[in-house]
Every structure is written in C-alpha cells, then in structure tokens.
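[1] just to be clear, the model below is a prediction. Sequence and coordinates:
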Amino acid sequence: MSQAHPQRPQTQDELLEPIKYGDVFNVSGELANEPITPQDAADMQAAENLVLGETQKGGPAAVMQSSAAINKNRGLVGQFGYKDQGIAISETEYAGHHIVTESVGGEVVGQYVRTNLASSPAPAKLSDDAVTVGEALEASALSAGGKLVDEGDAAAIQAAEIRATGRLQAVPGGVAAKAQAAAAHNIRTIREEDKTMLGDILADAKSRLPKDKPATRVDAEGVIAAETRNKPDLATYPGGVASSVAAAAKINQEK
C-alpha cells in the first residue's frame with residue numbers, strides 16, 4: 001500500500017527548491033513536480049476531518065502540513081498553488097477491514113487500514129450523501145479549534161450561515177451572531193486566555209442552523225471571498241472555515 005516516504009537528504013542547491021509531492025510521496029507524473037502549498041495541506045486536513053472525523057497522525061495531511069510550513073517559511077511558495085490539485089478521500093470495507101485511500105490530483109498519496117474506529121470520533125453524518133455547510137463548520141472546529149476568532153472568521157461564518165439557511169441576515173443566537181460577538185470581544189480583550197476560540201463557536205454549529213444544505217463550489221467561493229476580504233494577508237486560515245467549506249464542496253463534487 002502507498003505510504004508517505006521519508007525525505008532524502010538535500011544538497012545546498014536543493015534547499016532553494018520547495019518540497020514537492022514527489023519528495024515525500026510515492027507519486028509520479030505532473031503531480032510529483034508540484035510544490036506542496038499551505039492551501040493544499042489545509043484542504044487535505046479539512047477533508048480528513050470531514051470524512052474520518054479527525055486528522056490522521058502521520059497521515060498525508062500531517063506530512064503535507066509540515067512540508068507546506070517549510071516551503072512557506074523559506075519563502076518558496078505562497079498560500080495557494082497554481083491550480084486546484086483535487087483532494088479526495090474514500091473509505092471502503094474489505095474482508096472486515098476499513099481501507100482508507102487518500103489522493104491528490106488523482107494520484108494516491110496514502111492508503112491504509114483504519115483500525116481505531118472504536119476510539120476515533122465518528123465521521124460527520126451526511127445529508128443526502130453529501131457534506132453540508134453545517135458539517136463543514138463543525139469540521140473547522142476540529143482542525144482549527146484553537147484559533148482565536150477574528151473578523152475574517154466571523155465574516156466567513158456569516159457567509160456560510162447565509163448560504164446554508166438562505167437568509168440574508170444573521171440568525172438570532174446563531175453561529176454568525178456568536179462569531180461576530182466573539183470577534184468584537186477578542187479585539188477588546190487583552191489577555192489571550194480570556195479570548196474566544198473557533199472551537200467555542202463552531203463545535204455545535206450544525207444544530208444552531210435552522211436550515212442546512214450540501215456545500216457547493218459556489219458556497220465555497222462565497223465563504224473564501226468573505227474570509228480573505230477581512231484578513232490582512234488576504235489569505236484563508238489553514239484548516240479554518242473557508243478551507244473546510246471548500247473541502248466539503250470538493251468531496252461533494254466527487255460523489
């Protein structure tokens with residue numbers, strides 16, 4: 001079965017090159033020469049949370065996160081890649097074993113037998129066999145739950161709520177209202193330990209939505225635009241609200 005393989009030692013010249021998929025995964029073709037970006041890693045992390053209920057320790061998302069962090073810290077890649085790599089995760093049962101296959105751009109980057117089903121959080125329940133906006137919000141509570149809520153998060157959550165419910169205004173007492181209050185609270189609060197985190201807002205997001213719907217590419221584009229407009233660096237947060245909704249839309253598109 002395909003697994004991530006250890007990085008080989010790099011020469012001084014190679015240190016000027018970003019870590020590519022072919023450096024850390026047993027892949028070939030065009031993908032092997034593509035650098036791993038923070039957005040790629042965030043999409044894979046969000047997809048693992050949505051499909052498997054958690055980020056797999058030592059799995060493709062973890063490998064991509066460490067590689068992307070190195071690439072970004074060296075200034076070798078931006079937040080986004082040149083194109084949508086196409087993240088996909090599937091789980092099948094064979095002879096009593098649950099086999100998980102994770103792929104990027106049609107190339108398998110990880111395949112393993114999932115043995116910790118009893119102790120793992122249950123995968124999100126799907127409505128009409130599709131991942132909903134509410135489930136995507138709850139997934140971001142897992143992948144970025146420790147992030148302090150800011151204006152970008154609040155805007156993204158509001159955009160997600162509007163698309164899920166079809167209402168043009170925030171639902172009283174809903175996730176968007178809570179997020180807006182949390183962002184304002186965090187700006188006024190000095191001590192970090194007194195500030196509100198995404199996990200505090202989104203852990204029960206689905207139950208706070210009076211209406212929910214499967215996430216689509218149009219939904220993802222709207223949420224991404226809302227988050228980036230309200231971020232100083234004009235980028236989405238890895239594993240955050242926009243990344244999770246985008247991952248949900250990609251999964252639904254594959255169905």
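    Now that the structure is in, tell me what you want to look at.

[2] tell me where the model's unsure across the protein.
    Low-confidence segments of the chain, defined by pLDDT under 70: 1-15, 79-85, 94-96, 115-128, 168, 255.

[3] where along it do the strands fall?
    Here the chain has its strands, by DSSP state E, at 87-94, 97-104, 107-114.

[4] give the buried residues for the second one.
    So that's strand 97-104. By neighbour count with 16 or more other C-beta atoms under 10 Å, strand 97-104 contains the buried residues Val100, Thr101, Glu102, Ser103, Val104. In short, each C-beta sits where N, CA and C put it, glycine included.

[5] residues contacting the second one?
    Just to be clear, that refers to Thr101. Applying C-beta atoms under 8 Å, 6 or more residues apart in numbering, we find Thr101 in contact with Ile89, Ser90, Glu91, Thr92, Val108, Gly110, Gln111.

[6] still on that earlier bit, out of the buried residues of strand 97-104, flag the one nearest to Asp150.
    Distance to Asp150, by C-beta to C-beta, is smallest for Val104 among the buried residues of strand 97-104, at 29.3 Å.

[7] that closest one contacts Gly110, doesn't it?
    No - the pair Val104 and Gly110 fails to qualify as a contact (C-beta atoms under 8 Å) at a distance of 9.4 Å.

[8] any common contacting residues for these two?
    Common contacts of Val104 and Gly110 (C-beta under 8 Å, 6+ apart): Phe25, Pro60.

[9] what's the burial count for Ala179?
    For Ala179, the count of nearby residues is 30 (other C-beta atoms under 10 Å).

[10] please apply the same query to Asp194.
    10.

[11] circling back to that earlier point, make a markdown table from the strands of the chain and add distance to Ala32 to it.
    Output for these, formatted as a markdown table (distance: least, C-beta to C-beta, whole Å):
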| stretch | distance to Ala32 |
| --- | --- |
| strand 87-94 | 17 |
| strand 97-104 | 11 |
| strand 107-114 | 8 |
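
[12] of all those strands, which lies closest to Arg163?
    Per C-beta to C-beta, nearest to Arg163 of those: strand 87-94, 20.8 Å.
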